[in-house]
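A.B. asks: what shape does this take:
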Amino acid sequence: MMVTVDIGVFAHNEAEGIGRMVNRLAAQDILRVTDMEVRVLVLANGCRDATVAIAQAAARNGIYVVDLAEGGKSRTWNRFVQTISRPEADILVFCDADIEFCDSGALQRLVRGLQARPNLWVLNSKPIKDIVARPEGLSRQDRLIAAAGGGLDDWKTAICGQLYAMPTQTARKFRLPVGLPVEDGFLRAMVLTDALTEAEDFSRIDGSDSVSHIYASERSILALLRHQTRIVVGSAINLACFRFIRTLPEAERHQELRRAMVNDRWLPEVIRRQLPQMPYGYVPPHFMVKRLARVLSNRQDRLNPKRILIALFGTCFDVVVYLRAQAAMARGAGAGFW
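C.D. replies: A predicted model of the protein is given here:
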């Protein structure tokens with residue numbers, strides 16, 4: 001049976017690397033297998049550089065460029081899922097434009113892995129930092145960043161927004177509010193609970209051990225602080241959205257997301273109504289201590305002095321991020337800020 005696959009590649013001001021990414025996509029063997037009809041769409045959204053021109057010059061072999069005037073990953077996700085992907089598509093693949101694939105068979109194995117497990121709603125690729133994948137010649141700071149990373153979330157039960165696949169009909173159940181800073185965390189909650197109408201079902205999400213991708217790590221403390229501040233602010237906003245959606249009758253929650261998908265004012269209004277929350281303000285305090293709590297909850301880690309030391313260092317970093325996130329949100333940073 002022929003399987004129809006649409007691959008959406010999210011690109012915003014990626015002129016520096018989009019040519020290389022198109023070449024990596026063209027080298028993927030999923031474009032040449034006989035039992036799949038595959039289309040790759042470079043979703044150039046809100047670009048103010050040469051991303052579109054460079055991608056169009058490099059595009060070939062089933063790779064197309066879609067020039068979208070409006071930016072934002074959640075807005076682009078909605079458009080890809082609901083209107084740009086083919087109505088008959090069986091599987092959708094979501095891919096960031098700035099990653100590298102583990103090999104030329106990565107996308108095919110991701111799709112076949114999802115095919116083999118029809119009860120899955122999301123199948124992730126394993127994310128690997130470039131400083132972990134290529135450890136040669138790293139500075140002491142890079143080695144510290146590499147050692148401290150990867151300890152907060154299990155990639156098999158999260159949604160890694162850089163590369164994952166979903167059955168098309170499942171993806172089309174959901175809409176994302178325009179302007180979300182952290183759209184994959186929001187989508188994860190929607191998938192696990194069917195838009196907050198059910199108890200969490202972790203059997204819906206998994207990761208493929210046979211597929212991985214490499215992404216560029218932040219290489220300075222300041223850049224890492226900025227990145228983590230965005231993640232914490234986005235996570236706090238997601239929690240505010242969840243609180244608001246849960247105030248609605250269950251039967252209205254999917255419909256509310258349809259409104260949030262087309263109304264640019266929906267998310268700022270939810271933030272205004274839901275935050276700050278007393279007594280903690282804009283950001284719940286668990287963001288400061290979840291790294292340390294995770295280590296202490298694991299007996300093997302508790303007996304490992306190196307793991308404890310790294311967790312303490314990471315917690316100090318998390319406290320700084322927490323304070324920066326509180327200050328940023330107090331200044332009005334939130335929906336569409338990044």
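
A.B. asks: what strands line up against the helix or strand hosting residue 9, and which way round?
C.D. replies: If you go by DSSP states H and E, residue 9 is part of strand 3-11. Taking DSSP bridges as the criterion, strand 3-11 forms sheet pairs with strand 36-45 (parallel), strand 91-96 (parallel).

A.B. asks: got the CA coordinates for the first one in PDB?
C.D. replies: It refers to strand 36-45. Output in PDB follows, covering the C-alpha atoms of strand 36-45 (Å, rounded to 0.1, in the frame of the first residue of the first chain):
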ATOM      1  CA  MET A  36       6.000   6.100  -0.300                       C
ATOM      2  CA  GLU A  37       4.800   9.200  -2.100                       C
ATOM      3  CA  VAL A  38       6.800  11.900  -0.300                       C
ATOM      4  CA  ARG A  39       6.800  15.700  -0.600                       C
ATOM      5  CA  VAL A  40       9.200  18.000   1.300                       C
ATOM      6  CA  LEU A  41       8.000  21.500   2.000                       C
ATOM      7  CA  VAL A  42      10.400  24.200   3.200                       C
ATOM      8  CA  LEU A  43       8.100  26.400   5.200                       C
ATOM      9  CA  ALA A  44      10.000  29.700   5.000                       C
ATOM     10  CA  ASN A  45       8.000  31.800   7.500                       C
END
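
A.B. asks: only C-alpha atoms, please: export the strand holding residue 9 in PDB.
C.D. replies: Only the C-alpha atoms of strand 3-11 are listed here, as PDB (Å, rounded to 0.1, in the frame of the first residue of the first chain):
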ATOM      1  CA  VAL A   3       1.900   5.800   2.000                       C
ATOM      2  CA  THR A   4       1.600   9.500   1.500                       C
ATOM      3  CA  VAL A   5       4.100  11.600   3.600                       C
ATOM      4  CA  ASP A   6       4.400  15.400   3.800                       C
ATOM      5  CA  ILE A   7       7.600  16.700   5.500                       C
ATOM      6  CA  GLY A   8       7.400  20.300   6.800                       C
ATOM      7  CA  VAL A   9      10.700  22.000   7.300                       C
ATOM      8  CA  PHE A  10      10.400  25.100   9.500                       C
ATOM      9  CA  ALA A  11      12.700  27.900   8.400                       C
END
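
A.B. asks: where in this structure is pLDDT low?
C.D. replies: Low-confidence segments of the chain, defined by pLDDT under 70: 144, 146-153, 336-338.

A.B. asks: can we see that at 50?
C.D. replies: Scanning the chain for pLDDT under 50 picks out 151-152, 337-338.

A.B. asks: mind checking the SS state of the residue nearest the centre of it?
C.D. replies: Centroid-nearest residue in the chain: residue 161, 2.2 Å away (criterion: Cα atoms, centre = their mean). At residue 161 the chain is in coil, as set by DSSP: H, G, I helix; E, B strand; the rest coil.

A.B. asks: now do the contacts for the closest residue to it other than its chain neighbours.
C.D. replies: Of all residues not flanking residue 161 in the chain, residue 184 sits nearest, at 3.3 Å (Cβ to Cβ, 6 or more residues apart in numbering). (Glycine included, C-beta is placed from N, CA and C.) By Cβ atoms under 8 Å, 6 or more residues apart in numbering, the contact list for residue 184 reads 158, 159, 160, 161.

A.B. asks: quick one: contacts for the residue of the chain most remote from its centre?
C.D. replies: In the chain, the residue that sits farthest from the middle, by Cα atoms, centre = their mean, is residue 303; the gap is 32.8 Å. Residue 303 sits next to no residue when contact means Cβ under 8 Å, 6+ apart.

A.B. asks: got a list of what the residue nearest to the centre of the chain touches?
C.D. replies: 73, 94, 96, 183, 184, 187.

A.B. asks: give me the phi and psi angles of residue 127.
C.D. replies: Dihedral pair for residue 127: phi -80, psi 130, per degrees, to the nearest 10.

A.B. asks: try residue 75
C.D. replies: Per degrees, to the nearest 10, the backbone of residue 75 is at phi -60, psi -40.

A.B. asks: my guess is it meets residue 69, correct?
C.D. replies: No. Using Cβ atoms under 8 Å as the test, residue 75 is too far from residue 69 to be in contact (10.7 Å).

A.B. asks: distance check, residue 198 against residue 246.
C.D. replies: Using Cβ to Cβ, to the nearest Å, residue 198 is found at 12 Å from residue 246.

A.B. asks: what of residue 170?
C.D. replies: Counting by Cβ to Cβ - residue 170 and residue 246 are separated by 22 Å.

A.B. asks: between these two, tell me which one has more neighbours.
C.D. replies: Neighbours were counted for residue 170 and for residue 246 using other Cβ atoms under 10 Å; residue 170 has more, 17 against 12.

A.B. asks: which residue, other than its chain neighbours, is closest to that one?
C.D. replies: Using Cβ to Cβ, 6+ apart, the nearest residue to residue 170 is residue 121, at 4.8 Å.

A.B. asks: count the neighbours of that neighbour for me.
C.D. replies: By other Cβ under 10 Å, neighbour count at residue 121 equals 22.

A.B. asks: wait, it sits on residue 191?
C.D. replies: Yes. Using Cβ under 8 Å, residue 121 is in contact with residue 191, at 5.1 Å.

A.B. asks: now list whatever residues contact both of those two.
C.D. replies: 170, 204, 205.

A.B. asks: residues contacting residue 88?
C.D. replies: Residue 88 is in contact with residue 4, counting by Cβ under 8 Å, 6+ apart.
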